[in-house]
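# coordinates only, no sequence provided:
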C-alpha cells in the first residue's frame, strides 16, 4: 500500500509552464484589440473629422433624427434651419452624418 502513495505524490510534483498561461492571454488581448478597440477608434476619428468639417450650407442629420441645413457654425454649436421660419441650436457632436445636397429641400 505504501507504493501507491509515493506514486501519487510523484505525479502531483509536475510544474506548469508559465508560457502556457501567457500565450492565451496575449491571443485574447489581440482579438479584443482588432475586433473591438481598433474599429471603435476608427469610427470615433471619422466622427471627429465630420464634426470639424461642418460648414454653413451643409445638410445634416442629427442623432435625434432631425434633418436640416446649417445656417451658422460656432466652436461647439451649430444653428440648423429645420423649416422656413424655424432654426434650432444644436451641439456639433450630435450631428450623425452630412447628407447629399438637395435632400433637405425634397423632404
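Everything's here; your move. Please read these numbers as outputs of a predicted model, since none were measured by experiment.

# which residues of the chain fall in strands?
In the chain, the strands defined using DSSP state E lie at 59-62, 67-73, 77-83, 86-91, 95-99.

# ok, the second one: who's next to it in the sheet?
Which is strand 67-73. According to DSSP bridges, strand 67-73 forms sheet pairs with strand 59-62 (antiparallel), strand 77-83 (antiparallel).

# nearest to residue 94, of those?
Residue 94 sits nearest to strand 59-62 of all the strands paired with strand 67-73, at 5.0 Å, using CB to CB. C-beta: built from backbone N, CA, C; applies to glycine.

# that older thread, need the winner for burial among the strands paired with strand 67-73.
Neighbour counts (mean count of other CB atoms under 10 Å) averaged over each of the strands paired with strand 67-73 peak at strand 59-62, with a mean of 20.

# rewinding a little: of all the strands paired with strand 67-73, which lies closest to residue 30?
The stretch from the strands paired with strand 67-73 with the least distance to residue 30 (CB to CB) is strand 59-62; that distance is 35.9 Å.

# centre of the chain to the closest one, how far?
Chain-centre distance of strand 59-62: 19 Å, with CA atoms, centre = their mean, to the nearest Å.

# contacting residues around stretch 22-34?
Outside of stretch 22-34, no residue comes within contact range by CB atoms under 8 Å, 6 or more residues apart in numbering.

# tell me the spacing between residue 68 and residue 55.
Using CB to CB, to the nearest Å, residue 68 is found at 14 Å from residue 55.

# more crowded one of these two?
Shown here are residue 68 and residue 55; by other CB atoms under 10 Å, residue 68 has more neighbours (24 against 9).
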